[in-house]
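*Asks:* Got a predicted structure here, sequence first:
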Amino acid sequence: MSSLFAQEVPLSWYLLLSAALFSLGVIGFLIKRNLITVFMSIELMLNGVNLSFVTFAHQWNAVKGQIFVFFVMMVAAAEAAVGLAIIIAVFRARATLAVDRIDRMKL
Amino acid sequence: MHLILFIVFAGLCLAGAINLLLQSHPINSALSLIVVMTSLAVLYLLLGAEFLAAAQVIVYAGAIMVLFTFVVMLLNAGREERTFGSRAALTVGFPAVVAILAVVATVILHAQGLGVATLSDATITTTEYLSTVLFTKLLLPFEVTSILILIAILGAVALARHDNEHSQSGAERTGGQ
């Protein structure tokens, strides 16, 4: 039991988890039909990439990787604010959130 | 201990991500995404990134997901209709996703020199060290970020503002069709 507590985790497992999260985000982007859920899938992809940044920052013992993740978070916050405002504007013009029905650029 | 924590929270992370895809109501997907982000905060802590773990909870699980749930409730988004999507997504998208995942997994599993993560104080990047680097070497990008946030606020307000005149003419246009 004590050996189980002392065990360490290879960093490749973290990278595999990051790749799996990114792929699940891409699949969600392709199969989801609701505009808000498609946007959530993009956030999932961003989180998967962030995990690999933190893993490599741990591998090379470098703080720059963590600062990069900090900037990604700031940009994601700005992107979420603008993206959700666009979704509200689209809903106001079309009264639907189904991506199949939003097929014209002109409002 | 590290192994147990990793298995528990990586499992929660993957379960939340898969649940996000399976749920048909957007609010359930949003709650699954909160589970994913909070589990990721624990994984960041295991990798010694204490500041990022706090920022993940505050910025992602707090601010961004509250924004998402507000928009879901504001727009009264119902259940989504399941369609099969475009043919391009079926024929190119899914094989491309599987191929990318396979290539990345192969590269990662064959990579030499990847280390291990353990629970020890030596690997923790303190907030003090991170902020010293951020506010000395990287001060200019940090300040540019504040301008980006300001522009994002203005853009969000300008886009989501209720323009009475414009929406009335839009209603007439759709009514006339």
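*Replies:* Nice, thanks for sending it over.
*Asks:* right, and B:Leu134 touches A:Phe70 too?
*Replies:* Yes. Using CB atoms under 8 Å, B:Leu134 is in contact with A:Phe70, at 7.3 Å. Using the backbone N, CA and C atoms, a C-beta is placed for each residue, glycine as well.
*Asks:* In whichever strand or helix holds B:Ile4, which residues are buried?
*Replies:* Using DSSP states H and E, B:Ile4 maps to helix B:2-22. Buried residues in helix B:2-22, counted by 16 or more other CB atoms under 10 Å in any protein chain shown: B:2-3, B:6, B:9-10, B:12-14, B:16-21.
*Asks:* what's downstream of it, the next helix or strand?
*Replies:* With DSSP H and E, the next secondary element past helix B:2-22 is helix B:26-46.
*Asks:* Could you check the next helix or strand after that following helix against chain A for contacts?
*Replies:* Note on helix B:26-46: by DSSP H and E, the next helix or strand toward the C-terminus is helix B:50-55. Yes. Remark: helix B:50-55 sits within contact range of chain A at B:Phe51, B:Leu52, B:Ala55, by CB under 8 Å from any CB of the partner chain.
*Asks:* now those in JSON lines, with neighbour count?
*Replies:* JSON lines is the format used below for the residues of helix B:50-55 next to chain A (neighbours: other CB atoms under 10 Å in any protein chain shown):
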{"residue": "B:Phe51", "neighbour count": "21"}
{"residue": "B:Leu52", "neighbour count": "28"}
{"residue": "B:Ala55", "neighbour count": "20"}
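*Asks:* show me where pLDDT drops low in the chain?
*Replies:* Answering for chain A, as no chain was given. Applying pLDDT under 70 to chain A picks out residues A:1-6, A:106-107.
*Asks:* That was the other one, I meant chain B.
*Replies:* B:80, B:82-85, B:121-122, B:163-177.
*Asks:* domain ranges for it?
*Replies:* Domain assignment for chain B by automatic domain parsing gives B:2-121, B:126-162.
*Asks:* What residues sit buried inside stretch B:65-81?
*Replies:* By 16+ other CB under 10 Å, the buried positions in stretch B:65-81 come out as B:Met65, B:Leu67, B:Phe68, B:Thr69, B:Val71, B:Val72, B:Leu75, B:Ala77, B:Glu80.
*Asks:* A:Leu17 is in contact with B:Ile108, correct?
*Replies:* No. B:Ile108 is beyond contact range of A:Leu17, at 10.3 Å (criterion: CB under 8 Å).
*Asks:* which of these two has more neighbours?
*Replies:* With neighbours defined as other CB atoms under 10 Å in any protein chain shown, B:Ile108 and A:Leu17 compare such that A:Leu17 has more, 24 against 19.
*Asks:* got the contact list for the closest residue to that one other than its chain neighbours?
*Replies:* The shortest distance from A:Leu17 to any non-neighbouring residue, by CB to CB, 6 or more residues apart in numbering or on different chains, is to B:Ala10 (5.1 Å). Residues counted as contacts of B:Ala10 (CB atoms under 8 Å, 6 or more residues apart in numbering or on different chains) are A:Trp13, A:Leu17, B:Ser39, B:Leu43.
*Asks:* just those residues now: which is nearest B:Ala88?
*Replies:* A:Leu17 (28.7 Å; CB to CB).
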